[in-house]
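J.: what's the 3D shape of this:
(one chain, ligands or ions: 1)
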Amino acid sequence: MVHKSSVPLYWRLQKSRYTLTGTKCHTCNTVYFPPKEFCPACRRKGDIREFRFSGRGKIISYTVIRVPPEGFEKYTPYTVAIIELDEGTRLSGQVVGNPESIDIGRKVSPVFRKFHEDGPAGLIQYGIKFELVAEETPLK
Ligand SMILES: [Zn+2]
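T.: Next up is the predicted model:
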């Protein structure tokens, strides 16, 4: 039997990039980003539903890109970080702002920004990026 999804994969991935939509297995409460339609832990018992991440989290590690891949030259330097979301999954994403102020442990929140301008056709892709959240003064 061939499994056919009602929504083409491309659009689902686009949507997931636009809105930080992943999935959550309600059997074991594990969240997935990018979305998974199958929970490896619960297998057939998995109850997978759409889940929208807040996009808030903290920086686990980061790299400042100074020598970019082709097509990204005019954006350097830029920072790509591994972010641990508050909901408990990790993803990589670009952190906007001065690379000097980015540090491990800093909190981030999502911003909607232009991603990449593609070739002479000028197809612009938008997506989620992250910006630093202003440091809170500790209550002590
Ligand atoms: Zn599960």
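J.: Next one, pLDDT for residue 138 please.
T.: The per-residue pLDDT reported for residue 138 equals 63.
J.: I meant residue 113, not that one.
T.: The confidence metric pLDDT takes the value 67 at residue 113.
J.: Tell me the pLDDT of residue 128.
T.: 81.
J.: What about it, how many residues nearby?
T.: As a burial measure, residue 128 scores 19 neighbours (other C-beta atoms under 10 Å). For every residue, glycine as well, the C-beta is placed using N, CA and C.
J.: I figured residue 67 hits residue 76, correct?
T.: Yes. Here residue 67 reaches residue 76: they are 7.5 Å apart, a contact under C-beta atoms under 8 Å.
J.: Settle it for me: which of these two has more neighbours?
T.: Neighbours were counted for residue 67 and for residue 76 using other C-beta under 10 Å; residue 76 has more, 12 against 8.
J.: and that one, what are its phi and psi?
T.: phi -80, psi 160 (degrees, to the nearest 10).
J.: Identify the spatial nearest neighbour of it, chain neighbours not counted.
T.: Once flanking residues are discounted, residue 76 sits nearest to residue 68: 4.9 Å by C-beta to C-beta, 6 or more residues apart in numbering.
J.: Surely the one you found is in a helix?
T.: No. Counting by DSSP: H, G, I helix; E, B strand; the rest coil, residue 68 is located in no helix; its state is coil.
J.: What's the separation between it and the ion?
T.: Residue 68 sits at a distance of 38 Å from the ion (criterion: C-beta to the ion, to the nearest Å).
J.: I am finished for the moment; much appreciated.
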